[in-house]
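Peer 1: sequence below, structure please.
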Amino acid sequence: MTDNPKPVEPTGPSFTPCSGDTWRDPFGMYAELRDQDPVHHVAKGDYWVLSRFDDVLDAARDHRRFSSAEGLTFSYGERQRAGLTEVAPMVMLDPPEHTAFRRLVSSHFTPLAVTRIEGEVRAFVQSRLNEVATAAADHPDGEVDIVAALLKPLPSMVVAHFLGVPESDRANFDRWTEAIVSANAQGDALQASDAVGELFGYFSSLIARRGDHPSNDTISSLVHTTDGPTPMQILGFAFTMVAGGNDTTTGLLGGSLELLSAHPEQRAALVERPDLIGDALEELLRLTCPVQGLARTTTTDVELHGRVIPVGKKVMLLYASANRDPREFGDDAEELDIRRQPRQILSFSSGAHHCLGAAAARLQGRVALEEILGRFPNYELDVERATFAPGSFVRRHQSLPMRPYGRLA
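Peer 2: Numbering: from 1, shown residues only. From the prediction side, this is the model:
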């Protein structure tokens, strides 16, 4: 009688997509990939993973060899499953089509244009923090879920503003947004088919209204552009804004609060000097990197570090790993340093697909941190009870218990 053979242990590092609780600490996996296998092949799914800063940056900027046209996940046939074979959203376009569409809406998202909503953002945050204070006072442990109270509602309000959704319609918009973001994070927008249908119906009506009554929003700009996009393309843009502009900012804010909680001396410095928050935000963006990675598809064989990625293969660009690469950021790349002022980060990607909403995300991050640290400088988080949202591309808290005033006496 022979012994059962032992299973073969894998040699070297491996990439396993994260979701939910496994998002707590993917960073050891990233470090092993960077150091031992920077051009990593995942047999299950037949895709590749790049993890070093220079490689990810070069691929993000090289739309000719690394195309977005087949979708941004590591799954093949993504556009077909989503019913997007005829009309692609902006994020699935390559230049020059992508450049032309982006030009139609980019004026609304410049840093100067975004500053015009700072008052509205600040008033929203202050109002929500008033509710946080009341809820904490009523809770036996002085606790509140800061994600539900502020970190999710804030980006939904901002996206609604840019899309021109009137305040009277925002309750429905928030409901659709929550369903779509949750389904999209899990790579299956069809899970939210009812919400998608209602959202498309709403924006079809809004597009028609903006034709007769334009306003200062992106939908009006697209509707009134000569030889502009079709109604379906405008709907695709609205869907992209909803799916991509919400959970990313939630991830930035939750991750930033956790990092500052873990580094009380650096948090104290920001409380003492709120003028440092703007620069500190770049370091927080570097380490939180809400979009941990997105995929491209090779249009030709690509040789890198002695390996050949064949044409037509999905390639995962690990932005979050690149942002922690000691080759770019020094031996302490894994550590928070609010005075680091990183020269270049990949939290918003780079090149043609640099995030359109980067200035809006920075504004929300800065204002939210200014108000939270000013109002609740001694906040405490229960990170052990915190939960992370499902989905393999965006790292964000689903819940994050906070004691705004610290521990009760």
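
Peer 1: pretty sure Val315 belongs to a strand, no?
Peer 2: Yes: remark: Val315 belongs to a strand, assigned using DSSP: H, G, I helix; E, B strand; the rest coil.

Peer 1: and for it, the neighbour number?
Peer 2: For Val315, the neighbour count with other C-beta atoms under 10 Å is 24. In this view, the C-beta of every residue, glycine as well, is placed from N, C-alpha and C.

Peer 1: any idea how far the spatially closest residue to it that is not a sequence neighbour is from Gly391?
Peer 2: Distances taken as C-beta to C-beta, 6 or more residues apart in numbering place Trp48 nearest to Val315, at 4.7 Å, with adjacent residues excluded. As judged by C-beta to C-beta, to the nearest Å, Trp48 and Gly391 stand 21 Å apart.

Peer 1: now swap in Gly20 and tell me
Peer 2: 8 Å.

Peer 1: with Pro264 instead?
Peer 2: Separation of Pro264 from Gly391 (C-beta to C-beta): 31 Å.

Peer 1: which of the two has more neighbours?
Peer 2: Taking neighbours as other C-beta under 10 Å, Pro264 and Gly391 compare with Gly391 leading, 23 against 11.

Peer 1: so which helix or strand takes in the more buried one?
Peer 2: Under DSSP states H and E, no helix or strand contains Gly391.

Peer 1: that one reaches Thr73, doesn't it?
Peer 2: No: if you go by C-beta atoms under 8 Å, Gly391 and Thr73 don't touch, sitting 10.1 Å apart.

Peer 1: which stretch of helix or strand covers Glu303?
Peer 2: Per DSSP H and E: strand 302-304 holds Glu303.

Peer 1: the residue nearest in space to the middle of the chain - nearest residue in space that isn't next to it in sequence?
Peer 2: With distances taken as C-alpha atoms, centre = their mean, the residue of the chain nearest its centroid is Thr248 (2.7 Å). Nearest residue to Thr248, sequence neighbours excluded (C-beta to C-beta, 6+ apart): Pro290, at 4.3 Å.

Peer 1: my guess is that neighbour meets Ser347, correct?
Peer 2: Yes: using C-beta under 8 Å, Pro290 is in contact with Ser347, at 7.1 Å.

Peer 1: the strands in the stretch 51-200 of the chain, which residues?
Peer 2: Secondary structure of the stretch 51-200 of the chain, counting by DSSP state E, counting those that start in this stretch: strands at 66-67, 144-145.

Peer 1: export the ones you listed to CSV and tack on distance to Leu369?
Peer 2: Conversion of the strands of the stretch 51-200 of the chain to CSV gives the following (distance: least, C-beta to C-beta, whole Å):
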stretch, distance to Leu369
strand 66-67, 34
strand 144-145, 17
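
Peer 1: would you turn the ones you listed into JSON lines with mean neighbour count, distance to Arg273 and mean pLDDT?
Peer 2: Listed next are the strands of the stretch 51-200 of the chain as JSON lines, based on neighbours: other C-beta atoms under 10 Å; distance: least, C-beta to C-beta, whole Å; pLDDT from 0 to 100:
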{"stretch": "strand 66-67", "mean neighbour count": "21", "distance to Arg273": "41", "mean pLDDT": "97"}
{"stretch": "strand 144-145", "mean neighbour count": "22", "distance to Arg273": "27", "mean pLDDT": "98"}
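
Peer 1: picking that back up, just the element for the residue nearest to Val315, please.
Peer 2: strand 47-50.

Peer 1: any low-confidence regions in the stretch 151-300 of the chain?
Peer 2: 184-192 (pLDDT under 70).

Peer 1: what about Phe393, neighbour count?
Peer 2: The burial count for Phe393: 24, using other C-beta under 10 Å.

Peer 1: and the pLDDT for it?
Peer 2: According to the prediction, Phe393 has pLDDT 94.

Peer 1: any idea how far it is from Tyr319?
Peer 2: 10 Å.

Peer 1: between those two, which contacts overlap?
Peer 2: Counting by C-beta atoms under 8 Å, 6 or more residues apart in numbering, the contacts common to Phe393 and Tyr319 are Val291, Gln292, Gly293, Leu294.

Peer 1: which of these tops the neighbour count?
Peer 2: When the shared contacts of Phe393 and Tyr319 are compared by neighbour count (other C-beta under 10 Å), Gly293 ends up highest, at 29 neighbours.
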